[in-house]
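Peer 1: All I have is the shape, not the residue letters:
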């Protein structure tokens, strides 16, 4: 039977994953400051995104996400493994995204992925220190490639 501390830790880690989805889905990118450590490594390259440190990735999201008029991240099946003040997790994500096509119409594409995370307990609570997206599938992607869609427009 897990201890109260273990249950509390798992709950707080799950809440951080929800906080991530909420911040991105509401375009409140400053909300990510309480999700990630300042030096977190984030790898979105599996779908053509950036691989870098948190400040650079935060700016990438600010620049890239306007390409998608509507989207959400539905997460579940969080497999959290605690080890004292660190933890790992693998969480499934279903991510439908609207994209505006060249002719002005739009379509919905779907991404299925896992977030593979490393978490650390900090003075301010649990934070994600590393996030790597692991691809499962894409469906209905215009041109068959997300890379060109997610590239920030200059």
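Peer 2: Structure received. Owing to the predicted nature of the structure, the values given are computational and were not obtained by experimental measurement.
Peer 1: Just the buried residues of the longest helix along the chain, please?
Peer 2: In the chain, assigned by DSSP state H, the helix with the most residues is helix 4-25. Across helix 4-25, burial judged by 16 or more other CB atoms under 10 Å covers 9-10, 13-14, 16-17, 19-24. Quick note: C-beta positions are derived from backbone N, CA and C, even for glycine.
Peer 1: Same check on stretch 38-49?
Peer 2: Judged by neighbour count using 16+ other CB under 10 Å, the buried positions of stretch 38-49 are 40-44, 46-47, 49.
Peer 1: quick one on the thing from earlier: okay, among the buried residues of helix 4-25, which ones form the most distant pair?
Peer 2: By the measure CB to CB, 9 and 24 form the most distant pair in these, at 23.4 Å.
Peer 1: Not counting stretch 117-126 itself, show me its contacts.
Peer 2: Where contact means CB atoms under 8 Å, 6 or more residues apart in numbering, the residues beyond stretch 117-126 that reach it are 9, 12-13, 16-17, 34, 37, 85-91, 127-132.
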